[in-house]
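Student: Pasted the sequence and its predicted model underneath.
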Amino acid sequence: MTTPLQFEQWSHAMQSRIEHVLTTTMPADTETPITLHQAMRYAVLGGGKRVRALLAYAAGEFCGAPLAHIDISAAAVELIHAFSLVHDDMPCMDDDDLRRGKPSTHKQFGDATALLAGDALQSLAFELIASNQLSIEASQKVNILYCLAFATGSRGMAGGQSIDLESTGIKLSQPQLAHMHALKTGALMHAAAMMGAYTAPNADTQKYQAVDTFAKAIGLTFQVVDDILDAEADSATLGKTAGKDAEQDKSTYVTLLGLNTAKSLAQSLYQQALAPLEAYAQEADMLRSLASFITQRQF
């Protein structure tokens, strides 16, 4: 079993690795159009725990992919995540002035530049996957591109955000809430893990299935824990505005179930995530440790 110290060392190494990949693959802030590139780098670099990149690395390693092959998939999913945060924070969406402990991109650069920065980050994610920087078979690239595109669109993240906006002031049932978050949050986390897995050459089909089941459960776990933290932590701890969902009268797992039941649900989903990994020994330890980190994180 991986110890907490080993996981901490691995996660720090992967966080440093993805930060370097992002820094070197994004346009320089001296390249024209300078303000747009500055905004893109501001939105992406130097913040966040890189959970989606960690999922890509852990799943890719589990399936036998070399780290160098996982890098671009991990970077692409982080770019998509950053794009979603830039747009989500804008006044026409969730209207939040704080992200990752600093002013949101639209507060720093204005609405128009923030909108363009989000658009450009999304395009860059697909550009990286299609480029020669990702040295894998064409069929693997197609799987990764499809996975990310599906998770980003109307049947994934964008669709979940749409449902969220339409549901303000409406009390959702637990199945409705789960469906919304499976799209808004879970789809991209699932994609991150599968994109890492798809970089592995000739991976075992059963491993793909294990990653698929694991990622779906842990994506929902992440959102339940987010709702708990939103209710319990302050803005300085979270790096974003605490209590925002309650202020905007949105349904959360805490408002729907109560704090204690929401915590029990997080633990149940965590066990569901671990179940498909039972057939595997040490090779699945980083996935297990990452699931524990997601469930128990305090920020």
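Tutor: All right, it came through fine.
Student: helices and strands around the helix or strand containing K141, which ones?
Tutor: Element membership for K141, per DSSP states H and E: helix 138-152. If contacts are counted by 3 or more C-beta pairs under 8 Å, 6 or more residues apart in numbering; DSSP states H and E, helix 138-152 sits against helix 67-88, helix 111-130, helix 187-198. Yep, even glycine has a C-beta here, placed from its N, CA and C like the rest.
Student: P27 belongs to a strand?
Tutor: No - under the criterion used here (DSSP: H, G, I helix; E, B strand; the rest coil), P27 is coil, not part of a strand.
Student: And for it, nearest residue in space, chain neighbours not counted?
Tutor: Among residues not flanking P27 along the chain, H37 sits closest, at 4.5 Å (C-beta to C-beta, 6 or more residues apart in numbering).
Student: Tally up the residues packed near the one you found, please.
Tutor: The number of residues packed near H37 is 18, by other C-beta atoms under 10 Å.
Student: returning to that earlier point: of the helices and strands packed on helix 138-152, which is nearest H20?
Tutor: helix 67-88 (9.0 Å; C-beta to C-beta).
Student: Whichever helix or strand comes after the closest one pairs with which strands, and in what direction?
Tutor: Per DSSP H and E, the first helix or strand lying C-terminal to helix 67-88 is strand 98-99. Take DSSP bridges as the rule and strand 98-99 pairs in its sheet with strand 102-103 (antiparallel).
Student: Rounded mean pLDDT for the strand it pairs with, please.
Tutor: The average pLDDT within strand 102-103 is 94.
Student: which residues does the nearest residue in space to E31 that is not next to it in sequence contact?
Tutor: Leaving aside its chain neighbours, E31 sits nearest to H37 (5.5 Å; criterion: C-beta to C-beta, 6+ apart). Taking C-beta atoms under 8 Å, 6 or more residues apart in numbering as the criterion, H37 is in contact with 26-31.
Student: and if you look at L287?
Tutor: With C-beta under 8 Å, 6+ apart, L287 has these contacts: 58-59, 62, 211, 214, 277.
Student: repeat that with 10 Å
Tutor: Under the criterion of C-beta atoms under 10 Å, 6 or more residues apart in numbering, the neighbours of L287 are 2, 54-55, 58-59, 61-62, 193, 210-211, 214-215, 218, 273-274, 276-277, 280.
Student: First-to-last residue distance for stretch 43-54?
Tutor: End-to-end span of stretch 43-54 (C-alpha to C-alpha, to the nearest Å): 19 Å.
Student: swap in stretch 90-97?
Tutor: Using C-alpha to C-alpha, the two ends of stretch 90-97 sit 8 Å apart.
Student: Over to stretch 272-284?
Tutor: The straight-line separation of the ends of stretch 272-284 (C-alpha to C-alpha) is 15 Å.
Student: pLDDT averaged over it - what is it?
Tutor: So the average pLDDT for stretch 272-284 ends up being 96.
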